[in-house]
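Student: output the structure for:
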Amino acid sequence: MPQKILNRDFVLLALSALFAATAFMFLMPTLPIFAVSVVKLQESEVGIVVGAFSVTALVLRPFIGYAIDNYNRRVILIAATLFFTLTLVSYLYISTLLMLVLVRMFHGASWATISTSNATIVPDLVPANKRGEGIGFFSMSMPLAMVIGPAIALEIFNQSDSFNLVFGIASAMGVLGLISTIFVKMPQREYCRRPLSLSPSALYEKRAVGASAMQFCYTFAWSGIATFLPIYAYKNGIDNCSIFFVLYAISVLLVRVFVRRTLDLRGPTPLIVAGYSAFAVGALLLAFTTTHFTFFISGIFVGVGSGLVLPSLNTMIMNIVEPAARGKANATLFTSIDIGMGLGAMVSGVIVNLTSYRTNYIISAIILLLPILFYFLYEKRHYLDILEKQRAVEHD
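Tutor: I've put the predicted structure just below:
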């Protein structure tokens, strides 16, 4: 077991994750433009393209978790990163809707494998007593990519008017991520080689369900907020909506730096309460915003909430499952994220159509308070009971 967090293999894996996440975020603002202007899709068809990625990731997560627990994690991660890079290169040759949907499906499969593998491998690369701090550090890759990825991609496209250049640079980042991954050394472990079963108990980790349900509420609310944020800003006369996301990402990074050891030293309770409360405040500020100031400040609150919630829930799950079940546990967590992202946008669309954007954000704030209630009524005791049983076994 490593004695420090920032060891060689942890840094290499974090770099790999950053390169992959940045390449992923390169496509977020540019792919819809590419689909409409080059492939000549209608707006409704763009939705099919986006959905193909999410549906594939959702369907494959449980099987990815099984593979990670039962086979060589390093080989799986290298293969997924290679496949991810090849899908990035494939965007250079797309000319039809069918081609784009197929590439997005393969892209979703490789991304789901990378993200689940990384979340499973990280706890093996950091000291057990600093697991929360290590996961917090590692999870900075996505918010950092959110800051630099879309901004760089749009600047490149605006200056060159070339999608091939955007896709080419994204592919190069995939190659750099692959190189970093190849040099990561992982601790030796035994593989249980469980027979593959389609039963829920075999594909999902029961001990991770509570924290995953809490994560679902967070992702459901975030999806509903983020999906309609540009339109909501436009209707309220607020320009430069992108500043919200920049402040959000910066807040995530800063809060993970300043509270990185809190979970290991004081447990998850203060971070869970503060995280969901901050996010709820951000949603309420959005609901009643009338100025640029309150709109952008809400991004800070939402970012603080995000910076506290996800690494806390992830660490809780990693603390209560044995290493051989971490793949299945992370698949359970990430499945809740996939479902929350999809349902959140759809339900919020219905709410907005029937009521208003303000009502949608008020409902989001209420939903964000439910995990706090659930935590104190059930999940906290469930978490502590498992930890106590683990300590008793270790003492014996």
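
Student: shaky segments in the stretch 251-396 of the chain?
Tutor: For the stretch 251-396 of the chain, the stretches flagged by pLDDT under 70 are 394-396.

Student: residue boundaries of the helices in it?
Tutor: For the stretch 251-396 of the chain, applying DSSP state H, counting those that start in this stretch gives helices covering 262-266, 269-287, 292-320, 326-354, 357-374, 380-395.

Student: and if you look at the stretch 51-200 of the chain?
Tutor: Remark: helices assigned in the stretch 51-200 of the chain by DSSP H, counting those that start in this stretch are 73-90, 97-121, 131-138, 141-160, 163-182, 200-203.

Student: tell me how far V350 lies from F228.
Tutor: 12 Å (C-beta to C-beta, to the nearest Å). Any C-beta I mention is one placed from the backbone N, CA and C, and that applies to glycine too.

Student: with L15 instead?
Tutor: Separation of L15 from F228 (C-beta to C-beta): 34 Å.

Student: so which of the helices of the stretch 51-200 of the chain is nearest Y234?
Tutor: Minimum separation from Y234 across these (C-beta to C-beta) falls at helix 141-160, 17.9 Å.

Student: got the contact list for the closest one?
Tutor: The contact list for helix 141-160, computed with C-beta atoms under 8 Å, 6 or more residues apart in numbering, reads 14, 17-18, 21-30, 33, 162-163, 165-166, 169-170, 242, 245-246, 248-250, 252-253, 303, 306-307.

Student: before we move on, the earlier item: turn the helices of the stretch 51-200 of the chain into a markdown table, columns for distance to G224, mean pLDDT and mean neighbour count.
Tutor: Below are the helices of the stretch 51-200 of the chain laid out as a markdown table (distance: least, C-beta to C-beta, whole Å; pLDDT from 0 to 100; neighbours: other C-beta atoms under 10 Å):
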| stretch | distance to G224 | mean pLDDT | mean neighbour count |
| --- | --- | --- | --- |
| helix 73-90 | 28 | 95 | 20 |
| helix 97-121 | 21 | 91 | 22 |
| helix 131-138 | 26 | 82 | 25 |
| helix 141-160 | 18 | 83 | 18 |
| helix 163-182 | 28 | 96 | 19 |
| helix 200-203 | 27 | 73 | 13 |
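
Student: so which of those helices comes closest to G237?
Tutor: Of all these, helix 141-160 sits nearest to G237, with 22.8 Å by C-beta to C-beta.

Student: which one's more surrounded, V350 and F228?
Tutor: F228 (19 against 10; other C-beta atoms under 10 Å).

Student: surely the more buried one and M346 touch.
Tutor: No: in this structure F228 lies outside contact range of M346 using C-beta atoms under 8 Å: 11.7 Å.

Student: for the closest residue to A119 other than its chain neighbours, list the residues it contacts.
Tutor: Counting by C-beta to C-beta, 6 or more residues apart in numbering, N330 is the residue found nearest to A119 once chain neighbours are left out, at 4.4 Å. When contacts are counted by C-beta under 8 Å, 6+ apart, N330 touches 65, 68, 116, 119-120, 208, 314, 317.

Student: for the residues you listed, which two are the farthest from each other?
Tutor: The span of the contacts of N330, defined through C-beta to C-beta, is set by I68 and N314 at 14.9 Å.
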